[in-house]
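S.K.: with the sequence up front, the predicted model follows.
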Amino acid sequence: MAKKNINSKKSENEHEKYRWFFTSSGKLVMGGKSAEQNEELVNRHINDKKFSKYVVMHTKTPGSPFSIIVSDKYDKKDLEETAIFTGCFSRAWRERKKSAIVDVFLVEQIIKNKNMKTGTFGVVGRIDHKPVKLKLYLTKQNEKLRAVPFPGKSSICISPGKLTKEKFAEQISAKLDIHIEEVLNALPTGGFQLCS
(Lines give C-alpha, C1' and ligand atoms only; values in the text may rest on other atoms or scores of the structure.)
Protein backbone atom coordinates (compact mmCIF):
# COMPACT_ATOMS: atom_id res chain seq x y z
CA MET A 1 0.00 0.00 0.00
CA ALA A 2 2.75 2.47 0.95
CA LYS A 3 4.60 1.69 -2.29
CA LYS A 4 1.55 2.74 -4.33
CA ASN A 5 1.48 6.11 -2.56
CA ILE A 6 5.16 6.71 -3.35
CA ASN A 7 4.51 6.03 -7.06
CA SER A 8 1.45 8.27 -7.23
CA LYS A 9 3.40 11.05 -5.46
CA LYS A 10 6.20 10.61 -8.02
CA SER A 11 3.84 10.96 -11.01
CA GLU A 12 2.06 13.86 -9.31
CA ASN A 13 5.34 15.80 -9.10
CA GLU A 14 6.80 14.61 -12.41
CA HIS A 15 6.26 18.05 -13.96
CA GLU A 16 8.84 19.50 -11.55
CA LYS A 17 11.74 18.18 -13.60
CA TYR A 18 10.66 20.59 -16.37
CA ARG A 19 9.99 24.30 -16.36
CA TRP A 20 6.47 24.63 -14.97
CA PHE A 21 3.84 26.87 -13.45
CA PHE A 22 0.09 26.92 -12.89
CA THR A 23 -1.93 29.57 -14.75
CA SER A 24 -4.16 31.90 -12.74
CA SER A 25 -7.07 29.52 -13.51
CA GLY A 26 -5.07 26.50 -12.24
CA LYS A 27 -3.93 24.89 -15.53
CA LEU A 28 -0.54 23.18 -15.40
CA VAL A 29 1.95 24.40 -18.03
CA MET A 30 5.19 22.49 -18.68
CA GLY A 31 8.16 23.43 -20.86
CA GLY A 32 11.53 21.87 -21.60
CA LYS A 33 14.70 23.20 -19.95
CA SER A 34 16.87 21.96 -22.84
CA ALA A 35 16.66 20.55 -26.38
CA GLU A 36 16.59 17.05 -24.87
CA GLN A 37 13.74 17.92 -22.52
CA ASN A 38 11.81 19.62 -25.36
CA GLU A 39 12.19 16.42 -27.38
CA GLU A 40 11.06 14.23 -24.48
CA LEU A 41 8.08 16.43 -23.58
CA VAL A 42 6.79 16.86 -27.14
CA ASN A 43 7.27 13.17 -28.02
CA ARG A 44 5.33 12.19 -24.93
CA HIS A 45 2.36 14.21 -26.19
CA ILE A 46 2.46 13.71 -29.98
CA ASN A 47 2.44 9.94 -29.57
CA ASP A 48 -0.89 9.91 -27.76
CA LYS A 49 -4.13 10.94 -29.53
CA LYS A 50 -5.75 12.15 -26.30
CA PHE A 51 -3.31 15.09 -26.24
CA SER A 52 -3.95 16.16 -29.88
CA LYS A 53 -5.91 19.32 -28.95
CA TYR A 54 -3.43 20.50 -26.29
CA VAL A 55 -1.92 23.91 -27.04
CA VAL A 56 1.85 24.16 -27.60
CA MET A 57 3.94 27.34 -27.74
CA HIS A 58 7.47 28.19 -28.84
CA THR A 59 9.11 31.50 -29.72
CA LYS A 60 9.23 32.44 -33.39
CA THR A 61 13.04 32.43 -33.15
CA PRO A 62 15.01 29.38 -31.86
CA GLY A 63 15.96 28.96 -28.21
CA SER A 64 12.83 28.52 -26.12
CA PRO A 65 10.92 25.82 -24.32
CA PHE A 66 8.12 24.01 -26.10
CA SER A 67 5.46 24.94 -23.53
CA ILE A 68 2.33 22.77 -23.28
CA ILE A 69 -0.91 23.64 -21.50
CA VAL A 70 -1.76 20.28 -19.93
CA SER A 71 -5.50 20.49 -20.68
CA ASP A 72 -7.73 20.70 -23.75
CA LYS A 73 -9.90 23.26 -21.92
CA TYR A 74 -8.31 26.69 -21.65
CA ASP A 75 -9.28 30.32 -22.04
CA LYS A 76 -7.74 33.47 -23.48
CA LYS A 77 -6.00 34.25 -20.18
CA ASP A 78 -4.38 30.78 -20.04
CA LEU A 79 -3.06 31.37 -23.58
CA GLU A 80 -1.76 34.83 -22.71
CA GLU A 81 0.00 33.65 -19.55
CA THR A 82 1.56 30.63 -21.30
CA ALA A 83 2.82 32.87 -24.13
CA ILE A 84 4.48 35.25 -21.64
CA PHE A 85 6.05 32.30 -19.79
CA THR A 86 7.39 30.87 -23.10
CA GLY A 87 8.85 34.21 -24.18
CA CYS A 88 10.45 34.84 -20.78
CA PHE A 89 12.16 31.44 -20.64
CA SER A 90 13.53 31.89 -24.17
CA ARG A 91 16.79 33.29 -25.50
CA ALA A 92 15.09 36.71 -25.66
CA TRP A 93 15.47 37.10 -21.87
CA ARG A 94 19.17 36.25 -22.03
CA GLU A 95 19.56 38.85 -24.82
CA ARG A 96 17.84 41.42 -22.53
CA LYS A 97 15.02 42.07 -24.97
CA LYS A 98 11.83 43.74 -23.78
CA SER A 99 9.52 41.53 -25.84
CA ALA A 100 9.28 38.37 -27.95
CA ILE A 101 6.92 36.80 -30.48
CA VAL A 102 5.49 33.42 -29.51
CA ASP A 103 4.03 30.89 -31.96
CA VAL A 104 0.85 29.10 -30.85
CA PHE A 105 -0.35 25.78 -32.33
CA LEU A 106 -1.80 22.40 -31.36
CA VAL A 107 -0.03 19.12 -30.57
CA GLU A 108 -1.68 17.53 -33.64
CA GLN A 109 0.11 20.06 -35.91
CA ILE A 110 3.60 18.99 -34.83
CA ILE A 111 5.72 16.85 -37.16
CA LYS A 112 9.15 15.30 -36.70
CA ASN A 113 11.40 14.21 -39.55
CA LYS A 114 14.33 11.92 -38.88
CA ASN A 115 16.81 14.52 -40.15
CA MET A 116 15.63 17.12 -37.60
CA LYS A 117 17.96 17.79 -34.66
CA THR A 118 17.02 16.91 -31.07
CA GLY A 119 14.47 19.38 -29.74
CA THR A 120 13.53 20.59 -33.24
CA PHE A 121 10.07 20.05 -34.73
CA GLY A 122 8.04 21.22 -37.68
CA VAL A 123 4.50 22.61 -37.56
CA VAL A 124 1.88 22.20 -40.28
CA GLY A 125 -1.22 24.34 -40.69
CA ARG A 126 -2.15 27.64 -39.12
CA ILE A 127 0.10 29.19 -36.47
CA ASP A 128 -1.00 32.13 -34.33
CA HIS A 129 1.62 34.69 -33.30
CA LYS A 130 1.47 36.39 -29.91
CA PRO A 131 3.71 39.36 -29.08
CA VAL A 132 4.53 39.38 -25.35
CA LYS A 133 6.37 41.64 -22.91
CA LEU A 134 9.11 39.97 -20.88
CA LYS A 135 8.15 40.31 -17.24
CA LEU A 136 7.61 37.70 -14.51
CA TYR A 137 6.56 37.59 -10.86
CA LEU A 138 8.28 35.54 -8.17
CA THR A 139 5.71 33.80 -6.00
CA LYS A 140 5.02 30.46 -4.35
CA GLN A 141 3.11 27.71 -6.19
CA ASN A 142 2.75 24.27 -4.62
CA GLU A 143 5.08 25.51 -1.86
CA LYS A 144 7.89 26.18 -4.37
CA LEU A 145 9.19 29.49 -5.65
CA ARG A 146 8.11 30.02 -9.27
CA ALA A 147 8.54 32.83 -11.80
CA VAL A 148 5.02 33.23 -13.18
CA PRO A 149 3.50 35.59 -15.77
CA PHE A 150 0.96 37.29 -13.48
CA PRO A 151 1.18 39.16 -10.17
CA GLY A 152 0.06 37.55 -6.94
CA LYS A 153 -0.04 38.40 -3.26
CA SER A 154 3.39 39.70 -2.18
CA SER A 155 4.98 38.73 -5.52
CA ILE A 156 8.23 40.32 -6.75
CA CYS A 157 8.22 41.69 -10.32
CA ILE A 158 11.34 40.88 -12.39
CA SER A 159 12.46 41.68 -15.94
CA PRO A 160 15.63 41.20 -18.04
CA GLY A 161 18.52 43.27 -16.69
CA LYS A 162 22.27 43.47 -16.04
CA LEU A 163 22.51 41.71 -12.66
CA THR A 164 23.79 38.13 -13.09
CA LYS A 165 21.49 35.24 -12.28
CA GLU A 166 23.74 34.13 -9.40
CA LYS A 167 23.94 37.59 -7.77
CA PHE A 168 20.22 38.15 -8.21
CA ALA A 169 19.43 34.70 -6.78
CA GLU A 170 21.59 35.50 -3.73
CA GLN A 171 19.61 38.69 -3.12
CA ILE A 172 16.22 36.98 -3.52
CA SER A 173 17.35 34.05 -1.37
CA ALA A 174 18.26 36.44 1.47
CA LYS A 175 15.15 38.59 1.03
CA LEU A 176 12.69 35.67 1.03
CA ASP A 177 14.71 33.30 3.25
CA ILE A 178 14.58 30.58 0.56
CA HIS A 179 17.43 28.23 -0.37
CA ILE A 180 19.42 29.64 -3.30
CA GLU A 181 18.97 26.44 -5.36
CA GLU A 182 15.20 26.91 -5.27
CA VAL A 183 15.60 30.49 -6.50
CA LEU A 184 17.98 29.46 -9.31
CA ASN A 185 15.51 26.75 -10.39
CA ALA A 186 12.70 29.29 -10.67
CA LEU A 187 14.57 31.86 -12.79
CA PRO A 188 15.11 32.12 -16.56
CA THR A 189 18.68 32.16 -17.92
CA GLY A 190 20.22 35.61 -18.20
CA GLY A 191 20.42 38.86 -16.26
CA PHE A 192 17.84 40.48 -13.99
CA GLN A 193 16.41 43.63 -12.55
CA LEU A 194 13.42 44.39 -10.36
CA CYS A 195 10.54 45.96 -12.29
CA SER A 196 9.98 49.62 -11.53
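M.R.: Received, thanks.

S.K.: how about the strands in this protein?
M.R.: Assigned by DSSP state E, the chain shows strands spanning 19-22, 28-31, 55-59, 67-69, 99-106, 110-111, 122-123, 128-133, 136-141, 144-148, 156-163, 192-194.

S.K.: just so I know, which of those strands lies nearest residue 80?
M.R.: For the strands of the chain, the distance to residue 80 is smallest for strand 128-133, at 7.4 Å, taking Cβ to Cβ. Heads up, the C-betas are built off the backbone N, CA and C, glycines and all.

S.K.: now do the closest one and strand 55-59, the angle between them.
M.R.: Interaxial angle of strand 128-133 relative to strand 55-59 (axes from the mean of the first three to the mean of the last three Cα atoms, to 10 degrees): 60 degrees.

S.K.: out of the strands of the chain, which gets nearest to residue 173?
M.R.: strand 144-148 (9.4 Å).

S.K.: Throw the strands of the chain into a markdown table and include mean neighbour count, mean pLDDT and distance to residue 173, thanks.
M.R.: A markdown table is the format used below for the strands of the chain (neighbours: other Cβ atoms under 10 Å; pLDDT from 0 to 100; distance: least, Cβ to Cβ, whole Å):
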| stretch | mean neighbour count | mean pLDDT | distance to residue 173 |
| --- | --- | --- | --- |
| strand 19-22 | 22 | 97 | 19 |
| strand 28-31 | 22 | 97 | 24 |
| strand 55-59 | 25 | 97 | 29 |
| strand 67-69 | 24 | 97 | 26 |
| strand 99-106 | 19 | 97 | 27 |
| strand 110-111 | 15 | 93 | 38 |
| strand 122-123 | 12 | 92 | 39 |
| strand 128-133 | 15 | 97 | 26 |
| strand 136-141 | 20 | 96 | 11 |
| strand 144-148 | 21 | 97 | 9 |
| strand 156-163 | 17 | 97 | 12 |
| strand 192-194 | 17 | 97 | 13 |
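
S.K.: backbone torsions only: list them for residue 189.
M.R.: When read as degrees, to the nearest 10, the backbone of residue 189 gives phi -90, psi 130.

S.K.: now it: closest residue in space that isn't a chain neighbour?
M.R.: Nearest residue to residue 189, sequence neighbours excluded (Cβ to Cβ, 6 or more residues apart in numbering): residue 94, at 5.2 Å.
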